[in-house]
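here's a sequence, model it:
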Amino acid sequence: MDEFAEFVGARGPALWRAAWLLTGDRALAEDLLQTALTKSWPHFARVHRDGSFEAYVRRTLFTTYAGWRGRRWHGEVPTAELPDAGAQDSLPDPDLVEALGTLSPRQRAVLVLRYFEDLTEAETAALLGISTGSVKTHHSRALSALRSSPLLADTELADIEEAR
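This is a model prediction of the structure:
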């Protein structure tokens, strides 16, 4: 249990950032990460031994996000008080997050994995359970959509592409 808590403490902010980039919403990102960690925790002892637990959690995070696509209710409950801001691990430009929100979930996941998680096409394909060719197609279509997005100036998109 202590090792799992250490893992969450050390890698939680980076995992939350990936979740936030996927959802575009702090509360949903926290829900997504919590769900992924809850699903992954029972397998910690087995997967942690070979050192691939973070990859296991990331795969769970992205597959859970993809499964939420058709979900109608996300568990939001209106409250009189706003919750605390939560983790704020070097947040990207809000316009970029809004523009990412206009993409399909698969396109968004591909861009987050390729540019913000710095995975290769093969690693992205393996994580999402799709072919490398499908990753390339989603990547190309997503960048094309972002290029024509009024939310982003060409220089901002060029900065994203150069970061790779």
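
domains in this protein, by residue range?
1-69, 92-164 (automatic domain parsing).

residues contacting the residue nearest to A109 when sequence neighbours are not counted?
With sequence-adjacent residues excluded and distances taken as CB to CB, 6 or more residues apart in numbering, A109 is closest to F62, at 5.4 Å. Heads up, the C-betas are built off the backbone N, CA and C, glycines and all. Residues in contact with F62 (CB atoms under 8 Å, 6 or more residues apart in numbering) are L22, A109, L113, L127, L128.

sorry, back to before: mind telling me which of the domains of the chain the model trusts least?
Mean pLDDT is lowest for domain 92-164 among these, at a mean of 82.

may I have the helix or strand containing L127 as CSV, with CA atoms only?
Assigned by DSSP states H and E, L127 belongs to helix 121-128. The C-alpha trace of helix 121-128 is given here as CSV (Å, rounded to 0.1, in the frame of the first residue of the first chain):
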residue,chain,number,x,y,z
GLU,A,121,3.6,6.4,-33.0
ALA,A,122,4.2,2.7,-32.1
GLU,A,123,3.8,3.4,-28.3
THR,A,124,0.7,5.5,-29.0
ALA,A,125,-0.8,2.7,-31.1
ALA,A,126,0.0,0.1,-28.4
LEU,A,127,-1.5,2.2,-25.7
LEU,A,128,-4.7,2.9,-27.5
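
can you list contacts of it?
By CB under 8 Å, 6+ apart, the residues outside helix 121-128 that reach it are 55, 58-59, 62-63, 66, 106, 109-110, 113-114, 119, 131-132, 134-136, 139.
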